[in-house]
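Trainee: output the structure for:
(4 chains)
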Protein chains: 2
Amino acid sequence: MAIRDTGTEQLIKDTAKRIFFAEGKLNATTQDIADAAGMSRTLVNYYFRSKDILFEQVLKEGMEDMRVRLDKELMTDLPFKKKVEKFIDIFYTELTAYPYKEAFMISEINSHGWVTPPKERSIPLQNFLKEIQTAIDDGLVKKMKPVNFIINLFSLMAYPLLTRPLFKWVFDLNAPQYEKLLTERKKMIVDLLFI
Amino acid sequence: MAIRDTGTEQLIKDTAKRIFFAEGKLNATTQDIADAAGMSRTLVNYYFRSKDILFEQVLKEGMEDMRVRLDKELMTDLPFKKKVEKFIDIFYTELTAYPYKEAFMISEINSHGWVTPPKERSIPLQNFLKEIQTAIDDGLVKKMKPVNFIINLFSLMAYPLLTRPLFKWVFDLNAPQYEKLLTERKKMIVDLLFI
DNA sequence: TCTTTGTTTGACAAAATCGTCAAACACACT
DNA sequence: AGTGTGTTTGACGATTTTGTCAAACAAAGA
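Mentor: All right, here's what the predicted structure looks like:
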């Protein structure tokens, strides 16, 4: 008989992603995931044979999602500044949903080793780097290595979402106040990146 | 008899910090820590009664260290820009030694709850925020909420160190290349933060 | 030297987490 | 309705991780 699609396998992965990427519980157990998905833990072993395989799969998909999202966005045919603004918009949505995605990846990479996937050179990324260089030459952006421009972009977007609990504590801010700050940052980041 | 100071208690904490903060193994076991410290695991339970207490202690000291370091640096009597440059220098050293400190804190906070410590208002921080506002009024810094200036500073410094494995992969860089990039960033961050 | 007390360890018990198996279940097909 | 196959579950055992205890050890004071 053909494989029935009960959506269970997807549900498991989605739940795992929610717990790891959204709730930031980086050392959750398979029981935690099963409970959150409202099913028996045995099912996790039925679809993915072991905890390690599930984790590896989630990690892999997380990286792949990021790569696809990034490439797709970089291929749009917009003027440079517009493209960056759109990029920030997209990433803000993504990061709001999954603020701890990168942290989980890093944690997994550091705990178990990592077999670096072949990583064929991303053409859209190469092009974007060239666009940045052009923007620098045109005096739109301060002089720097194009790679640093991208690193700055990611840093300014991702870090405040990752460390939200810490910053809220350091600056004595409540939830709505911090939320407001984050949305304000979208415009500010553009102002900062461009001269 | 008085308590003998064998340095063991400190060694345990230092080792834990190394594993958590430096090596980024956020879900290390007490056995891992004991092995790395070259001692029996029982000693961990002798000095700290349970794993939770050790973790909580390490977390607490980590936050305290950060607060002290930050306040001390903010109290120095230097012109604004010099102060920021010094700040970046200090933090670069700190972050190179412990790139995953914030990640560990966030992970712990998200996994177990968190009793927000009273957090008396830090006077040096308040003063620094005023200094930033002055710099903005003087046209040294782009117009933004002073809090965002600090968040930018942290983000630009910390994130590239936290996500080093990812960026190295995305941009196809080897260790020395990434190292070079990081040192170059110190100057670049100043250029970026100031008009 | 002998005793006392703090330190360290190995061995054991307890708890948590994980993987497997047989049986129950549900759906498609005849 | 009856059969077959994929799905789900509860129960069990294996492994990992954690906590405890008695005994060995080391250093300071009598």
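Trainee: can stretch A:40-60 be found next to chain B?
Mentor: No. Shown here: stretch A:40-60 not in contact with chain B (CB under 8 Å from any CB of the partner chain), separated by at least 11.2 Å. Placement of C-beta: from N, CA and C, glycine included.
Trainee: I'd guessed residue A:63 sits against residue A:105; true?
Mentor: Yes. The criterion here is CB atoms under 8 Å, and residue A:63 meets it with residue A:105 at 6.7 Å.
Trainee: those two - which one has more neighbours?
Mentor: Per other CB atoms under 10 Å in any protein chain shown, whichever of residue A:63 and residue A:105 has more neighbours is residue A:105, with 23 against 17.
Trainee: quick check, pLDDT for the more buried one.
Mentor: pLDDT, residue A:105: 95.
Trainee: which SS class is it?
Mentor: Taken by DSSP: H, G, I helix; E, B strand; the rest coil, the conformation at residue A:105 corresponds to helix.
Trainee: you'd agree it is up against residue A:60?
Mentor: No. Counting by CB under 8 Å, residue A:60 is not a contact partner of residue A:105; they are 9.9 Å apart.
Trainee: residues in contact with the spatially most central residue of chain A?
Mentor: Centrality entry for chain A: nearest residue to the mean C-alpha point is residue A:101, 5.2 Å, by CA atoms, centre = their mean. Counting by CB atoms under 8 Å, 6 or more residues apart in numbering or on different chains, residue A:101 touches A:20, A:21, A:62, A:66.
Trainee: what residues are up against the last one?
Mentor: When contacts are counted by CB under 8 Å, 6+ apart, residue A:66 touches residue A:101.
Trainee: state the distance from it to residue A:125.
Mentor: 12 Å (CB to CB, to the nearest Å).
Trainee: one more: residue A:88?
Mentor: Taking CB to CB, one finds residue A:88 at 17 Å from residue A:125.
Trainee: same thing with residue A:148?
Mentor: In terms of CB to CB, residue A:148 sits 14 Å off from residue A:125.
Trainee: the two: who's more crowded?
Mentor: residue A:148 (21 against 18).
Trainee: nearest residue to that one other than its sequence neighbours?
Mentor: Residue nearest to residue A:148 in three dimensions, not counting chain neighbours: residue B:188, with 5.9 Å by CB to CB, 6 or more residues apart in numbering or on different chains.
Trainee: what about the one you found, which helix or strand?
Mentor: In the assignment (DSSP states H and E), residue B:188 maps to helix B:175-193.
Trainee: so that helix versus helix A:175-193, what angle?
Mentor: 100 degrees (axes from the mean of the first three to the mean of the last three CA atoms, to 10 degrees).
Trainee: export helix B:175-193 to PDB, keeping only CA atoms.
Mentor: Provided in PDB are the C-alpha atoms of helix B:175-193 (Å, rounded to 0.1, in the frame of the first residue of the first chain):
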ATOM      1  CA  ALA B 175      40.100  30.500  10.000                       C
ATOM      2  CA  PRO B 176      42.800  33.100   9.400                       C
ATOM      3  CA  GLN B 177      40.600  34.900   6.900                       C
ATOM      4  CA  TYR B 178      37.700  35.200   9.300                       C
ATOM      5  CA  GLU B 179      40.100  36.200  12.100                       C
ATOM      6  CA  LYS B 180      41.400  39.000   9.800                       C
ATOM      7  CA  LEU B 181      37.800  40.100   9.100                       C
ATOM      8  CA  LEU B 182      37.000  40.300  12.800                       C
ATOM      9  CA  THR B 183      40.000  42.600  13.600                       C
ATOM     10  CA  GLU B 184      39.100  44.800  10.700                       C
ATOM     11  CA  ARG B 185      35.600  45.100  12.000                       C
ATOM     12  CA  LYS B 186      36.800  46.900  15.200                       C
ATOM     13  CA  LYS B 187      37.700  50.000  13.200                       C
ATOM     14  CA  MET B 188      34.700  49.600  10.800                       C
ATOM     15  CA  ILE B 189      32.200  49.600  13.700                       C
ATOM     16  CA  VAL B 190      33.500  52.900  14.900                       C
ATOM     17  CA  ASP B 191      33.200  54.300  11.400                       C
ATOM     18  CA  LEU B 192      29.700  53.000  11.200                       C
ATOM     19  CA  LEU B 193      28.500  54.200  14.500                       C
END
